[in-house]
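Trainee: Sequence and computational prediction follow.
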Amino acid sequence: MKASPEAQQALLELADLDTELGRLDHRRRTLPENAELEALTVRSAELRDAITLADTQLADLDREQARAERDVEQVRVRIDKDRDRLDGGKVSSARELESLQSEVASLRRRQGDLEEVVLELMERREAAQAARDAAGADAGTVAEETAAVSARRDAALAEIGEAAAKADRTRSSVAAGVPNELLALYDKLRDTHGGVGAAMLRRGRCEGCHVSLSTVDLNTVRAAAPDEVVRCEECRRILVRTAESGL
Ligand SMILES: [Zn+2]
């Protein structure tokens, strides 16, 4: 293939721009904010689960406490009734009196036990409420952090997008000056060579694969006409000759 030395040198500009575009794309994909946001999403889901669990526990404890309080009340009513009968002098039989007094004593013990249960439930409720409050506060912090990191990521993406758009525009104008056939070859090589389809020959070395040309290959390049498009024998990229080539 033949192309003017100027067109060949324009490929070096394209290669620089493509390297820059590749770098920007890599930066876009590997923004630290992406990993941060992923971690925050996981944390947020964990907290949502913790809040749901605590809310369920609170509802269960409220129900249990209400039931225990009703039980206490029932026992208290029963004691009052027994007390009324004892105090009202309605019980004459000694056996009945004894049995009633023993029932009151037993009901008092039962009342004490139930009141213990209520206290214990209140303590458990307090602990569950504290866990709920902590998870709620953490969820708030995570939401704030997520908003801040998202804003940082969006700013970085906007900056990268701007730089990429600028490089794209420059690339279009440089590519417009390159003959179609040469550009097609460059683009094909670019696809198969990690985004760079042409490299400078600098002091006898291919800047694409960083391999120095053998004396034989160097002599072949020396012998080639300036408008001959030469390729690196090692990486097959278009080898562009400049004043720095050491020929
Ligand atoms: Zn090479």
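Mentor: Now that the structure is in, tell me what you want to look at.

Trainee: CA only for contacts and neighbour counts going forward, please
Mentor: OK.

Trainee: The ion contacts on this structure?
Mentor: Contact residues (C-alpha under 5 Å from the ion) of the chain with the ion: Cys206, Gly208, Cys209, Cys232, Cys235.

Trainee: Okay, and which of the residues you listed map to strands?
Mentor: Among those, the members falling in strands (DSSP state E) are Cys206.

Trainee: what pLDDT does the most centrally placed residue in the chain get?
Mentor: Nearest to the geometric centre of the chain sits Glu38, at 0.9 Å (C-alpha atoms, centre = their mean). Per-residue pLDDT puts Glu38 at 97.

Trainee: Within the helices and strands, which one has it?
Mentor: helix 32-87 (DSSP states H and E).

Trainee: cool, and Arg124?
Mentor: Per DSSP H and E, Arg124 falls inside helix 94-176.

Trainee: Show me how far the helix or strand that that helix is followed by is from its chain's centre.
Mentor: For helix 94-176, the following helix or strand on the C-terminal side (DSSP H and E) is helix 180-192. Between the centre of helix 180-192 and the centre of its chain there are 37 Å (C-alpha atoms, centre = their mean, to the nearest Å).

Trainee: Let me know the average pLDDT across helix 180-192.
Mentor: Across helix 180-192, the average pLDDT comes to 94.

Trainee: Contacts for it next, please.
Mentor: Outside helix 180-192, the residues within contact range by C-alpha atoms under 8 Å, 6 or more residues apart in numbering are Met1, Ala3, Leu11, Ala175, Val196, Gly197, Ala198, Arg236, Arg237, Ile238.

Trainee: What is the subsequent helix or strand relative to that helix?
Mentor: strand 198-202.

Trainee: Give me the angle between that following strand and helix 180-192.
Mentor: Calculated by axes from the mean of the first three to the mean of the last three C-alpha atoms, to 10 degrees, strand 198-202 forms an angle of 90 degrees with helix 180-192.

Trainee: Could you tell me the average pLDDT over the one helix or strand Glu6 maps to, please?
Mentor: Element membership of Glu6 [criterion: DSSP H and E] is helix 5-29. Averaging pLDDT along helix 5-29 yields 95.
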